[in-house]
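K.L.:
The amino acid sequence is not available; the structure is as follows:
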C-alpha cells in the first residue's frame, strides 16, 4: 500500500530511505573534502582514524569512498562488529577474507597477516580494513592492531586500516597504552554535522530524485528541522518524513514552520515518555 503522503505530494517513492546505490550518495562540500582526504591517505598506503557524532554520515562516507576507489587497485574489507575479543575479531577478518578460521588467536593472526603479505607481494591490490564502530573495540584488540600493520621490519606499508567511530575513539587512541597504534595513524580525520545550507540542499536533492519539481519545505521549516536533527543525516531523514506525513494529513502543499514545529514537539514528547 502506497503511503498517503506520497500520493498527496506526487512522489514516486519515499524520498528519505537509505537504500541507495553508492554512486547516488550525496556529500556536501565538507564531507567531500574528507572523502578526498581518505582517498589520498589510501593512495599513500597510510592508515586513518575517522570520527564523528552519531548519524552525521560516517558509514555513508565509507560507501561513497568505495564507489570512488578503483576496484583493481584496492581490496576493501568492511567489519562492523567491533564488540569482539581479539581471537573472535581475527576470526571475523578471516571469514571476511575467505580464509579458513583457525583455532588459536596466534594462528588466526598468522592467517590474516600472511594473506595481506601475499596480496602485497603478488598483486597490485592494496588491502584496506575498514573497522566501523571502532570506539567499541576491546582494548586487547585495539592494542594489537599496530602489530598487524608491521611488515618486513616495519619497512613496507602493505595494509591500511581505517578506524571509524564516535569522538571517544580519538580519546581512546590518545591514551598512552595505544601510542604505538596512534603513531601509525598518519591521517586523523573528523566529520562535522551538516550546516543548515547542507540540510536544505540535501532535502531538495532527495525530493528531486523521486519526482518532485518544486519546493516542499519552507526555509523556516528547514531551519527548524535542521536544529532538531543537530546536523545529523539520520535524524533529518526521520523528521523530514514525519513532517511530510503531517503536512499531507493537514492537506498542505508545503511543509511550513508550524508543521515542522509540531513534528519536533511531538518527537520531543515521545522521547521524554520513553525515558
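P.N.:
Done, it's in. Note that this is a predicted model, so its numbers are computed, not measured.
K.L.:
what sits up against the strand or helix carrying residue 113?
P.N.:
When secondary structure is defined by DSSP states H and E, residue 113 falls within helix 105-122. Applying CB atoms under 8 Å, 6 or more residues apart in numbering, the contact partners of helix 105-122 are 75, 86-87, 90-91, 93-94, 97, 99-102, 125-127, 144, 147-148, 151, 156, 158-159. Where C-beta positions appear, they are placed from N, C-alpha and C, glycine not excepted.
K.L.:
Out of those residues, which end up buried?
P.N.:
75, 86-87, 90-91, 93-94, 97, 99, 102, 126-127, 144, 148, 151, 158-159 (16 or more other CB atoms under 10 Å).
K.L.:
Narrow those to those in helices?
P.N.:
86-87, 90-91, 93-94, 97, 148 (DSSP state H).
K.L.:
Name the nearest of those residues relative to residue 168.
P.N.:
Nearest to residue 168, judged by CB to CB, of those is residue 86 at 20.2 Å.
K.L.:
Relative to residue 110, how far out is that closest one?
P.N.:
Look at residue 86 and residue 110: by CB to CB, to the nearest Å, they are 13 Å apart.
K.L.:
What of residue 157?
P.N.:
20 Å.
K.L.:
So between those two, which is more surrounded?
P.N.:
residue 157 (17 against 13; other CB atoms under 10 Å).
K.L.:
you'd agree that one is up against residue 46?
P.N.:
Yes. The criterion here is CB atoms under 8 Å, and residue 157 meets it with residue 46 at 6.9 Å.
K.L.:
Pop out the phi and psi values for residue 41.
P.N.:
With angles defined as degrees, to the nearest 10, residue 41 sits at phi -60, psi -40.
K.L.:
nope, residue 189 is what I was after
P.N.:
Dihedral angles (degrees, to the nearest 10) for residue 189: phi -110, psi 160.
K.L.:
can you pull the contacts of it?
P.N.:
Taking CB under 8 Å, 6+ apart as the criterion, residue 189 is in contact with 34, 37-38, 48-51.
K.L.:
Where does the nearest residue to it once chain neighbours are set aside sit: helix, strand or coil?
P.N.:
Once flanking residues are discounted, residue 189 sits nearest to residue 50: 4.8 Å by CB to CB, 6 or more residues apart in numbering. The three-state label given to residue 50 by DSSP: H, G, I helix; E, B strand; the rest coil is strand.
K.L.:
Other residues contacting the helix or strand containing residue 263?
P.N.:
Using DSSP H and E, the element containing residue 263 is helix 257-274. Helix 257-274 is contacted by residues 217-218, 220-222, 224-225, 228, 239, 242-243, 246-247, 250, 252 when judged by CB under 8 Å, 6+ apart.
K.L.:
residues contacting residue 236?
P.N.:
Contact partners of residue 236, counting by CB under 8 Å, 6+ apart, are 16, 194, 199, 202-203, 225-226, 229.
K.L.:
And the pLDDT at the residue sitting nearest the centre point of the chain?
P.N.:
Centroid-nearest residue in the chain: residue 59, 1.4 Å away (criterion: CA atoms, centre = their mean). The model reports residue 59 with a pLDDT of 89.
K.L.:
With residue 23 instead?
P.N.:
For residue 23, pLDDT reads 77.
K.L.:
repeat for residue 2
P.N.:
We note a pLDDT of 84 for residue 2 in this prediction.
K.L.:
Where in this protein is the helix or strand with the lowest mean pLDDT?
P.N.:
helix 105-122 (a mean of 82; mean pLDDT, DSSP states H and E).
K.L.:
That helix vs helix 86-97, what angle?
P.N.:
40 degrees (axes from the mean of the first three to the mean of the last three CA atoms, to 10 degrees).
K.L.:
List the buried residues for helix 105-122?
P.N.:
In helix 105-122, counting by 16+ other CB under 10 Å, buried: 105, 108-109, 111-113, 115-117, 119-120.
K.L.:
Relative to residue 138, which of those residues is nearest.
P.N.:
For the buried residues of helix 105-122, the nearest to residue 138 is residue 105 (12.2 Å; CB to CB).
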